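Chemist: Here's my sequence, what's the structure:
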Amino acid sequence: MNIQAVKQRWATITATVFYVGYMKPAPGTWGSLAALPLGWLIYEIGGVWLFAVAIALGYAKGYVATKVMTEGADNHDPSEIVIDEVVGQWIALLPVLVGAAHAGVSVFELWPGWLAAFALFRLFDITKPGPVGWADRKDNATGVMLDDVIAGILAAICVLVMAGLWHGVLS
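Modeler: Got it, this is the predicted structure:
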């Protein structure tokens with residue numbers, strides 16, 4: 001196997017998150033769902049700090065893999081690329097994991113936060129409001145990754161607001 005084939009295979013495995021991106025229908029939703037147990041595993045192994053590092057590494061690897069997969073292609077954002085959903089979903093989930101670590105409880109005790117992070121991320125990723133849509137219109141690997149990062153940040157902010165309301169005002 002030549003070096004180009006190895007590079008292409010690595011990019012495909014990475015960008016599709018071990019081929020999850022080929023699941024139909026709605027590969028982006030499958031990618032977001034796959035992010036949840038992967039995120040939990042990373043958190044269990046190394047806590048919040050390892051999870052935060054995984055977000056940064058996931059972005060960097062995802063950018064390179066996306067660039068390789070879309071090089072010379074007409075479609076700059078094929079649906080099978082779901083590493084961007086994984087990174088965005090992890091960003092949306094970060095406040096929940098920080099909250100669990102801070103409270104010294106199992107992440108599963110904060111299950112409403114998991115549901116909110118998932119639903120809000122998917123909402124922002126699908127509807128592409130404001131800056132999410134702006135990033136999505138970039139015809140390159142940066143746009144592929146950045147729209148989901150922004151959707152994840154918006155979802156994380158909403159998760160924080162909802163947690164603040166629930167635990168502060170409503171409790």
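Chemist: Can you name every helix or strand that the longest helix along the chain contacts?
Modeler: Taking DSSP state H as the criterion, the chain has its longest helix at helix 27-70. Counting contacts by 3 or more CB pairs under 8 Å, 6 or more residues apart in numbering; DSSP states H and E, helix 27-70 packs against helix 3-15, helix 83-103, helix 111-127, helix 141-164. For glycine as for every other residue, the C-beta is placed from the backbone atoms N, C-alpha and C.
Chemist: just these: most buried one?
Modeler: Highest mean neighbour count among the helices and strands packed on helix 27-70 (mean count of other CB atoms under 10 Å): helix 83-103, with a mean of 24.
Chemist: Could you export it as PDB, CA atoms only?
Modeler: Output in PDB follows, covering the C-alpha atoms of helix 83-103 (Å, rounded to 0.1, in the frame of the first residue of the first chain):
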ATOM      1  CA  ILE A  83     -15.800  14.400  12.900                       C
ATOM      2  CA  ASP A  84     -17.100  18.000  12.900                       C
ATOM      3  CA  GLU A  85     -20.300  16.800  14.600                       C
ATOM      4  CA  VAL A  86     -18.300  14.900  17.200                       C
ATOM      5  CA  VAL A  87     -16.200  18.000  18.000                       C
ATOM      6  CA  GLY A  88     -19.200  20.300  18.200                       C
ATOM      7  CA  GLN A  89     -21.100  17.800  20.300                       C
ATOM      8  CA  TRP A  90     -18.200  17.500  22.700                       C
ATOM      9  CA  ILE A  91     -18.100  21.300  23.000                       C
ATOM     10  CA  ALA A  92     -21.900  21.300  23.800                       C
ATOM     11  CA  LEU A  93     -21.300  18.600  26.400                       C
ATOM     12  CA  LEU A  94     -18.400  20.300  28.100                       C
ATOM     13  CA  PRO A  95     -20.400  22.300  30.700                       C
ATOM     14  CA  VAL A  96     -22.200  19.100  31.800                       C
ATOM     15  CA  LEU A  97     -19.000  17.300  32.400                       C
ATOM     16  CA  VAL A  98     -17.500  20.300  34.200                       C
ATOM     17  CA  GLY A  99     -20.600  20.500  36.300                       C
ATOM     18  CA  ALA A 100     -20.400  16.800  37.200                       C
ATOM     19  CA  ALA A 101     -16.800  17.100  38.100                       C
ATOM     20  CA  HIS A 102     -17.400  20.300  40.200                       C
ATOM     21  CA  ALA A 103     -20.300  18.700  42.100                       C
END
